[in-house]
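Peer 1: I need the structure of the sequence given here:
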Amino acid sequence: MSFPGVLDIDWNVMAPAVALLITAIAALVFGLSSRDSRGPAAVALLGVLTAAIFTVAHLFSGNEGAASFGLRYLGDVPATALTLVILVGTAIAILVSWDQLERGGMGQPEYYPLMVLSALGAVVMASAGDLITLILGLEIMSLPAYALSAWRTRDRQSEEAGMKYFLLGAFGSAMLIYGTALLYGASGSFVYGAVAASLTGGGLTLLATAGGALVLAGLGFKAALAPFHQWAPDVYTGAPTVVVTFMSVVIKVGAFAALLRIAATVFPALQPWLLTALAIIVALTLVVGNLTALMQRGVKRMLAYSSVAHAGYLGLALLAANHGGVAAAAFYLSVYALMNAGAFAVLTLVMDASDQGDDLERFAGLGRTRPGLAAAMAVFMLSLGGIPLLGGFTGKVLVFQAAIDAGYVWLAVLGIATSVVALFYYFRVIAYMYFRESSHAPHTFRSAPARVAIVVALAGTVLLGILPGWWHTLLSVGPRFLAGN
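Peer 2: You can find the predicted model right below:
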(Lines give C-alpha, C1' and ligand atoms only; values in the text may rest on other atoms or scores of the structure.)
Protein backbone atom coordinates (compact mmCIF):
# COMPACT_ATOMS: atom_id res chain seq x y z
CA MET A 1 0.00 0.00 0.00
CA SER A 2 1.39 3.41 -0.95
CA PHE A 3 0.74 6.79 0.60
CA PRO A 4 1.90 9.35 -1.98
CA GLY A 5 3.01 12.56 -0.34
CA VAL A 6 1.73 11.59 3.10
CA LEU A 7 5.11 10.32 4.29
CA ASP A 8 7.06 13.27 2.90
CA ILE A 9 8.54 14.87 6.00
CA ASP A 10 10.43 18.16 6.12
CA TRP A 11 12.22 18.05 9.47
CA ASN A 12 12.86 21.78 9.39
CA VAL A 13 9.11 22.27 9.54
CA MET A 14 8.62 19.58 12.19
CA ALA A 15 11.60 20.56 14.39
CA PRO A 16 9.72 22.87 16.84
CA ALA A 17 6.98 20.28 17.45
CA VAL A 18 9.51 17.47 17.91
CA ALA A 19 11.53 19.64 20.30
CA LEU A 20 8.42 20.32 22.39
CA LEU A 21 7.53 16.63 22.53
CA ILE A 22 11.03 15.70 23.69
CA THR A 23 10.94 18.56 26.20
CA ALA A 24 7.67 17.34 27.72
CA ILE A 25 9.12 13.84 28.19
CA ALA A 26 12.39 15.18 29.65
CA ALA A 27 10.56 17.55 32.02
CA LEU A 28 8.39 14.70 33.29
CA VAL A 29 11.36 12.38 33.87
CA PHE A 30 13.28 15.16 35.61
CA GLY A 31 10.24 16.17 37.65
CA LEU A 32 9.64 12.64 38.93
CA SER A 33 13.24 12.42 40.12
CA SER A 34 13.39 15.90 41.67
CA ARG A 35 11.60 17.38 44.67
CA ASP A 36 12.06 20.96 43.50
CA SER A 37 9.74 22.24 40.75
CA ARG A 38 12.41 24.67 39.55
CA GLY A 39 14.42 21.87 37.93
CA PRO A 40 11.59 20.80 35.59
CA ALA A 41 10.94 24.50 34.96
CA ALA A 42 14.51 24.94 33.74
CA VAL A 43 14.21 21.86 31.50
CA ALA A 44 10.91 23.13 30.08
CA LEU A 45 12.27 26.63 29.48
CA LEU A 46 15.39 25.28 27.76
CA GLY A 47 13.28 23.06 25.50
CA VAL A 48 10.89 25.89 24.58
CA LEU A 49 13.81 28.20 23.77
CA THR A 50 15.34 25.45 21.61
CA ALA A 51 12.05 25.09 19.73
CA ALA A 52 12.00 28.88 19.32
CA ILE A 53 15.49 28.83 17.79
CA PHE A 54 14.36 26.20 15.27
CA THR A 55 11.32 28.34 14.50
CA VAL A 56 13.29 31.53 13.95
CA ALA A 57 15.78 29.69 11.74
CA HIS A 58 12.95 28.38 9.56
CA LEU A 59 11.16 31.74 9.52
CA PHE A 60 14.18 33.48 8.01
CA SER A 61 15.27 30.57 5.80
CA GLY A 62 13.22 31.76 2.83
CA ASN A 63 11.52 28.35 2.51
CA GLU A 64 8.01 29.75 3.09
CA GLY A 65 6.19 27.06 1.10
CA ALA A 66 7.59 24.08 3.03
CA ALA A 67 5.20 21.41 4.27
CA SER A 68 5.13 17.88 5.65
CA PHE A 69 2.79 14.92 5.30
CA GLY A 70 1.40 15.99 1.95
CA LEU A 71 0.28 19.55 2.87
CA ARG A 72 -1.19 18.31 6.16
CA TYR A 73 1.42 20.10 8.29
CA LEU A 74 2.45 23.47 6.88
CA GLY A 75 5.52 25.61 7.41
CA ASP A 76 4.41 28.85 5.75
CA VAL A 77 4.97 32.28 7.26
CA PRO A 78 1.72 32.53 9.25
CA ALA A 79 2.22 29.05 10.75
CA THR A 80 5.86 29.71 11.64
CA ALA A 81 5.27 33.21 13.00
CA LEU A 82 2.34 32.10 15.17
CA THR A 83 4.37 29.11 16.36
CA LEU A 84 6.95 31.62 17.56
CA VAL A 85 4.22 33.62 19.34
CA ILE A 86 3.01 30.43 21.08
CA LEU A 87 6.55 29.61 22.20
CA VAL A 88 7.14 33.11 23.54
CA GLY A 89 3.85 32.95 25.46
CA THR A 90 4.81 29.56 26.87
CA ALA A 91 8.25 30.80 27.94
CA ILE A 92 6.66 33.75 29.75
CA ALA A 93 4.21 31.40 31.51
CA ILE A 94 7.10 29.15 32.63
CA LEU A 95 8.99 32.12 34.06
CA VAL A 96 5.88 33.36 35.87
CA SER A 97 5.29 29.88 37.33
CA TRP A 98 8.93 29.44 38.41
CA ASP A 99 8.52 30.65 42.02
CA GLN A 100 4.73 30.74 42.21
CA LEU A 101 4.21 26.97 42.23
CA GLU A 102 6.15 26.48 45.45
CA ARG A 103 4.63 29.62 46.94
CA GLY A 104 1.12 28.33 46.29
CA GLY A 105 1.79 24.68 47.14
CA MET A 106 1.19 23.54 43.54
CA GLY A 107 4.62 22.08 42.70
CA GLN A 108 3.55 18.70 41.29
CA PRO A 109 5.98 17.20 38.72
CA GLU A 110 3.37 16.99 35.93
CA TYR A 111 2.80 20.74 35.72
CA TYR A 112 5.46 21.72 33.19
CA PRO A 113 5.09 18.59 30.99
CA LEU A 114 1.36 19.33 30.70
CA MET A 115 2.05 22.98 29.85
CA VAL A 116 4.56 22.03 27.15
CA LEU A 117 2.20 19.40 25.70
CA SER A 118 -0.60 21.96 25.53
CA ALA A 119 1.76 24.33 23.71
CA LEU A 120 2.62 21.48 21.33
CA GLY A 121 -1.08 21.09 20.52
CA ALA A 122 -1.38 24.82 19.81
CA VAL A 123 1.65 24.62 17.48
CA VAL A 124 0.04 21.70 15.61
CA MET A 125 -3.18 23.73 15.25
CA ALA A 126 -1.25 26.71 13.89
CA SER A 127 0.48 24.48 11.33
CA ALA A 128 -2.48 22.25 10.42
CA GLY A 129 -3.20 21.97 6.72
CA ASP A 130 -6.13 19.62 7.04
CA LEU A 131 -9.02 18.97 9.40
CA ILE A 132 -7.66 15.76 10.92
CA THR A 133 -4.41 17.46 11.92
CA LEU A 134 -6.50 20.30 13.34
CA ILE A 135 -8.53 17.93 15.53
CA LEU A 136 -5.36 16.17 16.69
CA GLY A 137 -3.79 19.49 17.67
CA LEU A 138 -6.97 20.65 19.39
CA GLU A 139 -7.10 17.59 21.63
CA ILE A 140 -3.39 17.70 22.45
CA MET A 141 -3.82 21.35 23.41
CA SER A 142 -7.08 20.99 25.32
CA LEU A 143 -6.64 17.90 27.50
CA PRO A 144 -3.61 19.23 29.43
CA ALA A 145 -5.35 22.61 29.75
CA TYR A 146 -8.34 20.98 31.45
CA ALA A 147 -6.05 19.47 34.07
CA LEU A 148 -4.05 22.67 34.54
CA SER A 149 -7.16 24.78 35.12
CA ALA A 150 -8.00 22.56 38.13
CA TRP A 151 -4.40 22.47 39.35
CA ARG A 152 -5.04 24.03 42.76
CA THR A 153 -6.23 20.85 44.49
CA ARG A 154 -8.75 21.02 47.33
CA ASP A 155 -9.83 24.41 46.07
CA ARG A 156 -13.49 24.32 45.07
CA GLN A 157 -13.24 27.26 42.70
CA SER A 158 -10.30 25.74 40.81
CA GLU A 159 -11.94 22.31 40.60
CA GLU A 160 -15.13 23.93 39.34
CA ALA A 161 -13.13 25.81 36.71
CA GLY A 162 -11.54 22.60 35.50
CA MET A 163 -14.86 20.75 35.32
CA LYS A 164 -16.63 23.60 33.53
CA TYR A 165 -13.79 23.97 31.05
CA PHE A 166 -13.77 20.22 30.40
CA LEU A 167 -17.52 19.93 29.82
CA LEU A 168 -17.85 22.96 27.57
CA GLY A 169 -14.57 22.18 25.83
CA ALA A 170 -15.74 18.64 25.08
CA PHE A 171 -18.96 20.07 23.65
CA GLY A 172 -16.93 22.41 21.42
CA SER A 173 -14.70 19.54 20.28
CA ALA A 174 -17.76 17.46 19.39
CA MET A 175 -19.13 20.29 17.25
CA LEU A 176 -15.78 20.59 15.48
CA ILE A 177 -15.70 16.85 14.74
CA TYR A 178 -19.28 16.86 13.42
CA GLY A 179 -18.45 19.83 11.22
CA THR A 180 -15.36 18.04 9.92
CA ALA A 181 -17.48 15.01 9.01
CA LEU A 182 -19.91 17.18 7.05
CA LEU A 183 -17.12 18.99 5.21
CA TYR A 184 -15.55 15.66 4.27
CA GLY A 185 -18.89 14.32 3.11
CA ALA A 186 -19.43 17.36 0.91
CA SER A 187 -15.93 17.55 -0.60
CA GLY A 188 -14.33 14.11 -0.23
CA SER A 189 -11.18 15.54 1.37
CA PHE A 190 -9.85 16.80 4.68
CA VAL A 191 -7.09 19.02 3.22
CA TYR A 192 -8.15 22.69 3.26
CA GLY A 193 -7.05 23.48 -0.28
CA ALA A 194 -8.70 20.35 -1.69
CA VAL A 195 -11.94 21.08 0.19
CA ALA A 196 -12.06 24.59 -1.26
CA ALA A 197 -11.27 23.35 -4.76
CA SER A 198 -13.98 20.68 -4.60
CA LEU A 199 -16.62 23.11 -3.41
CA THR A 200 -15.63 25.71 -5.99
CA GLY A 201 -15.96 23.00 -8.64
CA GLY A 202 -19.57 22.25 -7.74
CA GLY A 203 -19.48 20.27 -4.50
CA LEU A 204 -22.33 20.02 -1.99
CA THR A 205 -22.07 23.62 -0.85
CA LEU A 206 -25.11 23.63 1.45
CA LEU A 207 -23.89 20.55 3.34
CA ALA A 208 -20.39 22.01 3.50
CA THR A 209 -21.73 25.32 4.81
CA ALA A 210 -23.47 23.51 7.66
CA GLY A 211 -20.16 21.79 8.37
CA GLY A 212 -18.34 25.11 8.24
CA ALA A 213 -20.81 26.58 10.75
CA LEU A 214 -20.11 23.73 13.18
CA VAL A 215 -16.35 24.13 12.73
CA LEU A 216 -16.73 27.86 13.41
CA ALA A 217 -18.75 27.13 16.56
CA GLY A 218 -16.27 24.52 17.77
CA LEU A 219 -13.27 26.79 17.36
CA GLY A 220 -15.35 29.70 18.65
CA PHE A 221 -15.44 27.97 22.05
CA LYS A 222 -11.64 27.88 22.21
CA ALA A 223 -11.30 31.45 20.92
CA ALA A 224 -13.99 32.70 23.38
CA LEU A 225 -16.16 34.29 20.71
CA ALA A 226 -19.66 35.21 21.93
CA PRO A 227 -21.99 33.44 22.53
CA PHE A 228 -19.46 30.62 23.02
CA HIS A 229 -17.50 32.57 25.63
CA GLN A 230 -19.41 31.55 28.77
CA TRP A 231 -16.60 29.38 30.11
CA ALA A 232 -13.89 32.05 29.92
CA PRO A 233 -14.80 34.35 32.89
CA ASP A 234 -15.41 31.49 35.32
CA VAL A 235 -12.38 29.47 34.22
CA TYR A 236 -10.08 32.50 34.24
CA THR A 237 -11.33 33.42 37.72
CA GLY A 238 -11.16 29.92 39.20
CA ALA A 239 -7.97 28.59 37.62
CA PRO A 240 -4.58 29.46 39.17
CA THR A 241 -3.37 32.79 37.82
CA VAL A 242 -0.12 31.26 36.56
CA VAL A 243 -2.19 28.83 34.48
CA VAL A 244 -4.39 31.64 33.16
CA THR A 245 -1.22 33.47 32.07
CA PHE A 246 -0.57 30.49 29.81
CA MET A 247 -4.16 29.74 28.75
CA SER A 248 -5.13 33.30 27.88
CA VAL A 249 -2.35 33.45 25.31
CA VAL A 250 -1.56 29.99 23.96
CA ILE A 251 -5.12 28.63 23.72
CA LYS A 252 -6.34 31.77 21.98
CA VAL A 253 -3.42 31.90 19.53
CA GLY A 254 -3.91 28.23 18.61
CA ALA A 255 -7.64 28.66 18.06
CA PHE A 256 -7.32 31.82 15.97
CA ALA A 257 -4.46 30.39 13.94
CA ALA A 258 -6.76 27.55 12.88
CA LEU A 259 -9.69 29.89 12.28
CA LEU A 260 -7.58 32.20 10.13
CA ARG A 261 -6.44 29.43 7.83
CA ILE A 262 -9.96 28.05 7.42
CA ALA A 263 -11.42 31.53 6.90
CA ALA A 264 -8.85 32.24 4.17
CA THR A 265 -9.29 28.96 2.29
CA VAL A 266 -12.58 27.21 2.99
CA PHE A 267 -15.06 29.94 3.96
CA PRO A 268 -14.93 31.80 0.61
CA ALA A 269 -16.19 28.63 -1.11
CA LEU A 270 -19.19 28.34 1.23
CA GLN A 271 -22.53 30.14 1.12
CA PRO A 272 -22.45 33.87 2.00
CA TRP A 273 -24.75 33.54 5.01
CA LEU A 274 -21.91 31.94 6.99
CA LEU A 275 -19.85 35.12 6.75
CA THR A 276 -22.93 37.14 7.73
CA ALA A 277 -23.33 34.92 10.80
CA LEU A 278 -19.64 35.43 11.60
CA ALA A 279 -20.06 39.21 11.33
CA ILE A 280 -22.96 39.07 13.83
CA ILE A 281 -20.86 36.91 16.18
CA VAL A 282 -17.99 39.40 15.98
CA ALA A 283 -20.31 42.33 16.73
CA LEU A 284 -21.83 40.48 19.69
CA THR A 285 -18.38 39.61 21.00
CA LEU A 286 -17.24 43.24 20.86
CA VAL A 287 -20.30 44.49 22.72
CA VAL A 288 -20.57 41.72 25.32
CA GLY A 289 -16.85 41.59 26.08
CA ASN A 290 -16.36 45.32 26.59
CA LEU A 291 -19.60 46.18 28.36
CA THR A 292 -19.31 43.25 30.77
CA ALA A 293 -15.66 44.04 31.52
CA LEU A 294 -16.76 47.56 32.41
CA MET A 295 -18.86 46.20 35.29
CA GLN A 296 -16.18 44.05 36.93
CA ARG A 297 -14.42 44.86 40.19
CA GLY A 298 -12.00 41.96 40.09
CA VAL A 299 -9.04 42.55 37.79
CA LYS A 300 -8.76 38.86 36.91
CA ARG A 301 -12.39 38.67 35.79
CA MET A 302 -12.06 42.02 34.03
CA LEU A 303 -9.12 40.66 32.04
CA ALA A 304 -11.21 37.59 31.21
CA TYR A 305 -13.92 39.70 29.60
CA SER A 306 -11.20 41.85 28.05
CA SER A 307 -9.92 38.66 26.43
CA VAL A 308 -13.40 38.09 25.01
CA ALA A 309 -13.41 41.65 23.64
CA HIS A 310 -10.04 41.14 21.97
CA ALA A 311 -11.41 37.98 20.36
CA GLY A 312 -13.91 40.33 18.73
CA TYR A 313 -11.17 42.57 17.34
CA LEU A 314 -9.42 39.49 15.98
CA GLY A 315 -12.77 38.44 14.48
CA LEU A 316 -12.60 41.53 12.28
CA ALA A 317 -9.47 40.06 10.72
CA LEU A 318 -11.23 36.72 10.18
CA LEU A 319 -13.83 38.46 8.04
CA ALA A 320 -11.06 40.17 6.07
CA ALA A 321 -8.78 37.13 5.75
CA ASN A 322 -8.27 37.74 2.03
CA HIS A 323 -7.94 41.51 2.38
CA GLY A 324 -4.84 41.74 4.54
CA GLY A 325 -6.58 40.21 7.53
CA VAL A 326 -4.13 37.33 7.91
CA ALA A 327 -1.11 39.57 8.46
CA ALA A 328 -3.19 41.93 10.61
CA ALA A 329 -4.43 39.08 12.82
CA ALA A 330 -0.95 37.56 13.14
CA PHE A 331 0.42 40.94 14.21
CA TYR A 332 -2.46 41.46 16.65
CA LEU A 333 -1.95 38.01 18.16
CA SER A 334 1.76 38.78 18.60
CA VAL A 335 1.02 41.95 20.53
CA TYR A 336 -1.88 40.42 22.42
CA ALA A 337 0.29 37.54 23.65
CA LEU A 338 2.84 39.96 25.06
CA MET A 339 0.58 42.53 26.69
CA ASN A 340 -1.95 40.04 28.07
CA ALA A 341 0.68 37.65 29.45
CA GLY A 342 2.46 40.65 30.94
CA ALA A 343 -0.70 41.87 32.67
CA PHE A 344 -1.36 38.45 34.20
CA ALA A 345 2.32 38.20 35.21
CA VAL A 346 1.94 41.42 37.19
CA LEU A 347 -1.27 40.10 38.69
CA THR A 348 0.51 36.99 40.02
CA LEU A 349 2.85 39.26 42.02
CA VAL A 350 -0.01 41.33 43.41
CA MET A 351 -2.22 38.44 44.57
CA ASP A 352 -1.42 36.48 47.71
CA ALA A 353 -0.11 32.92 48.01
CA SER A 354 -3.62 31.44 47.98
CA ASP A 355 -4.34 33.18 44.66
CA GLN A 356 -6.77 35.61 46.26
CA GLY A 357 -6.89 39.40 46.23
CA ASP A 358 -7.42 40.49 42.64
CA ASP A 359 -9.94 43.22 43.45
CA LEU A 360 -9.17 46.76 42.39
CA GLU A 361 -8.45 47.78 45.99
CA ARG A 362 -5.47 45.45 45.90
CA PHE A 363 -3.88 47.73 43.28
CA ALA A 364 -4.40 50.89 45.33
CA GLY A 365 -1.10 52.60 46.08
CA LEU A 366 0.93 50.21 43.93
CA GLY A 367 2.54 53.17 42.18
CA ARG A 368 4.10 54.18 45.50
CA THR A 369 4.97 50.78 47.00
CA ARG A 370 6.09 48.99 43.81
CA PRO A 371 6.68 51.72 41.17
CA GLY A 372 8.31 49.40 38.62
CA LEU A 373 5.48 46.89 38.82
CA ALA A 374 2.88 49.66 38.56
CA ALA A 375 4.61 51.23 35.55
CA ALA A 376 4.65 47.87 33.74
CA MET A 377 0.98 47.27 34.49
CA ALA A 378 0.13 50.78 33.27
CA VAL A 379 1.87 50.12 29.95
CA PHE A 380 0.02 46.82 29.51
CA MET A 381 -3.34 48.47 30.32
CA LEU A 382 -2.65 51.33 27.90
CA SER A 383 -1.63 48.91 25.15
CA LEU A 384 -4.70 46.73 25.70
CA GLY A 385 -6.75 49.92 25.42
CA GLY A 386 -5.10 50.86 22.12
CA ILE A 387 -3.14 53.95 23.10
CA PRO A 388 -0.72 55.19 20.36
CA LEU A 389 2.98 54.29 20.39
CA LEU A 390 2.20 50.90 21.92
CA GLY A 391 1.67 47.60 20.14
CA GLY A 392 -2.05 47.37 20.91
CA PHE A 393 -2.73 50.57 18.97
CA THR A 394 -0.93 49.32 15.85
CA GLY A 395 -2.72 45.97 16.05
CA LYS A 396 -6.13 47.63 16.21
CA VAL A 397 -5.34 49.97 13.33
CA LEU A 398 -4.37 46.99 11.18
CA VAL A 399 -7.51 44.95 11.91
CA PHE A 400 -9.78 47.98 11.48
CA GLN A 401 -8.15 48.78 8.14
CA ALA A 402 -8.51 45.17 6.99
CA ALA A 403 -12.20 45.16 7.95
CA ILE A 404 -12.81 48.40 6.05
CA ASP A 405 -11.02 47.05 2.97
CA ALA A 406 -13.26 43.97 3.11
CA GLY A 407 -16.40 46.13 3.21
CA TYR A 408 -17.23 45.77 6.92
CA VAL A 409 -17.18 49.48 7.68
CA TRP A 410 -19.98 49.21 10.25
CA LEU A 411 -18.03 46.59 12.19
CA ALA A 412 -14.89 48.72 12.14
CA VAL A 413 -16.92 51.67 13.51
CA LEU A 414 -18.34 49.40 16.23
CA GLY A 415 -14.82 48.24 17.03
CA ILE A 416 -13.61 51.81 17.41
CA ALA A 417 -16.60 52.70 19.62
CA THR A 418 -16.09 49.71 21.90
CA SER A 419 -12.37 50.53 22.11
CA VAL A 420 -13.34 53.88 23.62
CA VAL A 421 -15.53 52.05 26.16
CA ALA A 422 -12.61 49.75 26.98
CA LEU A 423 -10.46 52.72 27.98
CA PHE A 424 -12.67 53.28 31.02
CA TYR A 425 -11.93 49.93 32.66
CA TYR A 426 -8.27 49.92 31.70
CA PHE A 427 -7.74 53.46 33.03
CA ARG A 428 -9.59 52.50 36.21
CA VAL A 429 -6.76 50.11 37.10
CA ILE A 430 -4.20 52.86 36.48
CA ALA A 431 -6.21 55.30 38.59
CA TYR A 432 -6.23 52.89 41.53
CA MET A 433 -2.47 52.34 41.27
CA TYR A 434 -1.56 56.01 41.26
CA PHE A 435 -4.44 57.97 42.82
CA ARG A 436 -5.78 55.74 45.62
CA GLU A 437 -4.29 55.05 49.02
CA SER A 438 -3.82 51.40 49.92
CA SER A 439 -5.58 49.84 52.91
CA HIS A 440 -3.57 46.60 52.53
CA ALA A 441 -0.11 45.68 53.75
CA PRO A 442 2.67 46.47 51.23
CA HIS A 443 3.28 43.84 48.59
CA THR A 444 6.39 41.91 49.58
CA PHE A 445 6.56 38.87 47.27
CA ARG A 446 9.20 39.15 44.59
CA SER A 447 10.26 36.75 41.88
CA ALA A 448 13.26 37.34 39.62
CA PRO A 449 12.00 35.00 36.83
CA ALA A 450 8.60 36.72 36.88
CA ARG A 451 10.35 40.09 36.58
CA VAL A 452 12.25 38.78 33.55
CA ALA A 453 8.93 37.68 32.01
CA ILE A 454 7.44 41.12 32.63
CA VAL A 455 10.46 42.88 31.11
CA VAL A 456 10.29 40.66 28.00
CA ALA A 457 6.57 41.31 27.59
CA LEU A 458 7.07 45.03 28.21
CA ALA A 459 9.91 45.33 25.69
CA GLY A 460 7.92 43.48 23.01
CA THR A 461 4.80 45.59 23.61
CA VAL A 462 6.75 48.83 23.25
CA LEU A 463 8.91 47.64 20.35
CA LEU A 464 5.93 46.50 18.26
CA GLY A 465 4.33 49.87 18.91
CA ILE A 466 7.31 52.02 17.97
CA LEU A 467 8.74 49.83 15.17
CA PRO A 468 5.86 47.72 13.84
CA GLY A 469 6.90 47.71 10.19
CA TRP A 470 9.51 44.94 10.18
CA TRP A 471 7.23 42.34 11.78
CA HIS A 472 4.16 43.27 9.76
CA THR A 473 6.18 43.25 6.53
CA LEU A 474 7.44 39.77 7.32
CA LEU A 475 3.92 38.56 8.09
CA SER A 476 2.52 40.08 4.90
CA VAL A 477 4.34 37.60 2.63
CA GLY A 478 2.44 34.68 4.11
CA PRO A 479 -1.16 34.76 2.85
CA ARG A 480 -0.38 33.39 -0.59
CA PHE A 481 0.69 30.11 0.99
CA LEU A 482 -2.43 29.65 3.10
CA ALA A 483 -4.21 27.42 0.63
CA GLY A 484 -1.36 24.95 0.81
CA ASN A 485 -0.62 25.21 -2.90
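Peer 1: State whether Ser438 is indeed within a strand.
Peer 2: No - going by DSSP: H, G, I helix; E, B strand; the rest coil, the assignment for Ser438 is coil, not a strand.
Peer 1: how much space is there between it and Arg362?
Peer 2: Per Cβ to Cβ, to the nearest Å, Ser438 is found 8 Å from Arg362. Quick note: C-beta positions are derived from backbone N, CA and C, even for glycine.
Peer 1: is it true that Ile404 touches Val413?
Peer 2: No - if you go by Cβ atoms under 8 Å, Ile404 and Val413 don't touch, sitting 9.2 Å apart.
Peer 1: Which one's more surrounded, those two?
Peer 2: Applying other Cβ atoms under 10 Å to Ile404 and Val413 shows that Ile404 carries more neighbours, namely 17 against 13.
Peer 1: For my notes, confirm that one occurs in a helix.
Peer 2: Yes - applying three-state DSSP, one finds Ile404 inside a helix.
Peer 1: Give me the below-cutoff pLDDT ranges for the stretch 101-250 of the chain.
Peer 2: Counting by pLDDT under 70, the stretch 101-250 of the chain contains low-confidence ranges at 203.
Peer 1: quick one: the helices in it?
Peer 2: Per DSSP state H, counting those that start in this stretch, the stretch 101-250 of the chain has helices spanning 111-127, 131-149, 156-187, 192-200, 205-223, 231-238, 241-265. These are given in chain order.
Peer 1: Tell me which residues of the fifth one come out buried.
Peer 2: Okay, so that is helix 205-223. 205, 208-223 (16 or more other Cβ atoms under 10 Å).
Peer 1: Compute the inter-axis angle for it and helix 231-238.
Peer 2: Orientation check (axes from the mean of the first three to the mean of the last three Cα atoms, to 10 degrees): helix 205-223 against helix 231-238 gives 20 degrees.
Peer 1: Repeat that for the longest one.
Peer 2: Relative orientation of helix 156-187 with respect to helix 231-238: 150 degrees, computed using the same axes, to 10 degrees.
Peer 1: How far does helix 156-187 sit from its chain's centre?
Peer 2: Remark: helix 156-187 is offset 17 Å from the chain centroid, using Cα atoms, centre = their mean, to the nearest Å.
Peer 1: same for that helix, what does it pack against?
Peer 2: Helices and strands touching helix 156-187, by 3 or more Cβ pairs under 8 Å, 6 or more residues apart in numbering; DSSP states H and E, are helix 131-149, helix 192-200, helix 205-223, helix 231-238.
Peer 1: List just the one of these that sits closest to Leu182.
Peer 2: Nearest to Leu182, of all the helices and strands packed on helix 156-187, is helix 205-223, at 3.0 Å by Cβ to Cβ.
Peer 1: quick one on the thing from earlier: which one of the helices of the stretch 101-250 of the chain lies closest to Gly325?
Peer 2: helix 241-265 (7.6 Å).
Peer 1: which helices and strands does the closest one pack with?
Peer 2: helix 77-103, helix 111-127, helix 131-149, helix 192-200, helix 205-223, helix 231-238, helix 299-319, helix 326-350.
Peer 1: May I see these arranged in CSV, with distance to Met247 as well?
Peer 2: Formatted as CSV, the helices and strands packed on helix 241-265 follow (distance: least, Cβ to Cβ, whole Å):
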stretch, distance to Met247
helix 77-103, 9
helix 111-127, 8
helix 131-149, 6
helix 192-200, 26
helix 205-223, 10
helix 231-238, 8
helix 299-319, 9
helix 326-350, 9
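Peer 1: Sweet, I'm off.
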